[in-house]
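# Let's see this in three dimensions:
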Amino acid sequence: IAAGVNSNPHLPDPSFSHLFDRGGFFPRELDGFLVSLVFVMFSFGGIELIGITAGEAENPQRSIPKAVNQVVYRILIFYIGALTIVMAVVPWRQINGKLSPFVQIFDSVGIKAAAHMLNFVVLTAALSVYNSGLYSNGRMLYSLAWQGNAPKAFTKLSHRGIPYVGVLFSSLVTATAVAIVYFLPETAFTIVISTALASGIISWAIILITQRKFRKAIGPQGEAELSFKLPGGKTTNSIVLAALGGLLALMAFSADYRTAAIVLPIWLAILSVAYEVGRRRSGLGGPGRNEGPGGQAPMTPTSRRAQRYEESMNGHSGTSSGKDGRLGRRAAESLGARREDAFDDVVARKDPEGLRKGLTTRHIQMIAFGGAIGTGLFYGSAAGIKLAGPSILLAYALCGAVIFFVVRAMGEMSVHRPSSGSFSRYANDYWSPRAGFVAGWNYWFNYIAVAMAELTVVGQYVQYWFPSVPAWASAAAVLLVITAVNLVGVRAF
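Take a look at the predicted model:
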């Protein structure tokens, strides 16, 4: 921009004035800006991976707060700064969406070498997001299996401490993206990105609701002792929940995302029914063929701890009430202590081998960067620019604020009680087993969709160099390579 490099006679010289001189900052007015919010939010999916890494962090009390506070603002600077440069080099109305905008700016001004370099960068970004997604999915299935919400086979670890069964199963499901690219090459990206966004919003909402339950479980004294808190507490929590609800409403009114918004309640209903079926089959739903003596369902160690926790939370009113039915101060304090002890018993599950704890702050930050900075920015931002023009920069700022508070809520729980697969474990322990089941499987499904989105665009990046290579073939090759990396070890990132 400073040098005014431009060998394209059909393109105006680079200038920051392009942000305002082609219809103003809001050329598509409010409608275009609001619709862009839905798309922009997808670009932030993956930052919550910080919470997933807590169970493998060397020092989560130090590394998690540092990662949370630094990752979001660094990503915001990158997102907003990068798109400002893009629209200063190529006026927003001339961004065609056929290439990544980051590749198009150099291709348009005639710097072909830089265009090739940027295409390599966006390709590696897509691989990085897929890499982070596969990491997350393997750990989520591992956590679900330990809760009894997934087959026990997912608890198996390799000699390197890798939940390899979960990694392989997730890769197998993600392979359907190769088929989608093969049969629906024109609409594949829209299908998977809308699905990923809808399930992502549900995951973020579950984090916020679970954080409210967490505060209630630990009580005022525990809340006062928290070393890392969500700023604004319940007020911030409520505002962010309302914002996520607004995004779902916007999806319902957008033709490209309406199908995902409609299917989402059906998906949640399916998960709820699946949980109920599993509960009944395990003998926890009443009389049946798994009955123990006297018609009682057999109790597993986990279900016994859960039962004691529920009894401590709900069943002590008779012993702690006075004659007038009101709790005295001393009785209330005693009840709070019993609740905390029972809760500790619930969450102190013992993994026989345990995930390897070797992640530093730098590793956690890079996994979060890898989960967020990918196709949503490098490829899909072209669609967002078409919708909102330069005002997409404001959309990124607002969505960044929303996701910052979501990650702070996640970080608050992760620092207090580090746990791998924390989305489902915290929902299970602080909310209900049903919530844990839904949270875990929904997040797993969310990252399956994200991984599929990355695979759908890998072929287009490769075709920039090798137009004759089918997109599905590139996607299949990447699937095999990333799966192998995840089986080697977590530090291979």
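# can we go C-alpha only for contacts and neighbour counts from here?
OK.
# quick one, helices of the stretch 301-450 of the chain?
301-314, 317-320, 329-347, 361-372, 375-378, 381-388, 392-416, 422-426, 433-463 (DSSP state H, counting those that start in this stretch).
# same for the last one, what does it pack against?
Secondary structure elements in contact with helix 433-463, counted by 3 or more CA pairs under 8 Å, 6 or more residues apart in numbering; DSSP states H and E, are helix 112-147, helix 164-174, helix 176-183, helix 188-224, helix 258-281, helix 375-378, helix 422-426, helix 471-488.
# Verify the stated contact: Val181 with Ser474.
No. If you go by CA atoms under 8 Å, Val181 and Ser474 don't touch, sitting 10.4 Å apart.
# Of these two, give the one with the bigger neighbour count.
Val181 (24 against 20; other CA atoms under 10 Å).
# What separation do you get for that one and Met410?
34 Å (CA to CA, to the nearest Å).
# hang on, Leu247 packs against Val40?
No. Look at Leu247 against Val40 with CA under 8 Å: they stay out of range, at 10.6 Å.
# Below-threshold pLDDT in the stretch 151-300 of the chain: ranges please.
Residues of the stretch 151-300 of the chain meeting the criterion pLDDT under 70: 282-300.
# Pretty sure Leu248 sits against Ala198.
Yes. Under the criterion of CA under 8 Å, Leu248 makes contact with Ala198 at 7.3 Å.
# Mutual contacts of these two, please.
Common contact partners of Leu248 and Ala198 (CA atoms under 8 Å, 6 or more residues apart in numbering): Ala261.
# which residues are contacting stretch 239-252?
34-35, 37-38, 198, 201, 205, 208, 257-262, 402, 405-406.
# in that stretch, what counts as buried?
Buried residues in stretch 239-252, counted by 16 or more other CA atoms under 10 Å: 240-241, 244, 247-248, 250-252.
# Test for you: state the pLDDT assigned to Ile310.
One thing to correct before we go on: residue 310 is Glu, not Ile. The score at Glu310 is 43. That number is its pLDDT.
# Figure out how far stretch 7-26 is from the centre of its chain.
Averaging C-alpha positions (CA atoms, centre = their mean, to the nearest Å) puts stretch 7-26 35 Å from its chain's average.
# just checking, Ala67 touches Ile364?
Yes. Using CA under 8 Å, Ala67 is in contact with Ile364, at 6.7 Å.
# Which one's more surrounded, those two?
More crowded of Ala67 and Ile364, by other CA under 10 Å: Ile364, with 26 against 21.
# Give the full set of residues in contact with the more buried one.
Contacts for Ile364 (CA under 8 Å, 6+ apart) come out as 50, 53, 57, 63-64, 67.
# That one and Ser100, how far apart?
Distance, Ile364 to Ser100, by CA to CA: 27 Å.
# likewise Val109?
Counting by CA to CA - Val109 and Ser100 are separated by 15 Å.
# Same check on Gly219?
According to CA to CA, Gly219 and Ser100 sit 49 Å apart.
# So for the two, which sits in the more crowded spot?
The residue with more neighbours, out of Gly219 and Ser100, is Ser100; 24 against 15, by other CA under 10 Å.
# phi, psi of that one?
phi -60, psi 140 (degrees, to the nearest 10).
# what about the closest residue in space to Trp92 that isn't next to it in sequence, neighbour count?
Distances taken as CA to CA, 6 or more residues apart in numbering put Gly389 closest to Trp92, at 6.1 Å, once the chain neighbours are dropped. Gly389: 28 surrounding residues under other CA under 10 Å.
# Need the pLDDT of Ala397.
Value for Ala397, per-residue pLDDT: 92.
# count of neighbours near it?
Ala397 has 16 nearby residues by other CA under 10 Å.
# Hmm, it is touching Leu76, no?
Yes. Judged on CA under 8 Å, Ala397 makes contact with Leu76 at a distance of 6.9 Å.
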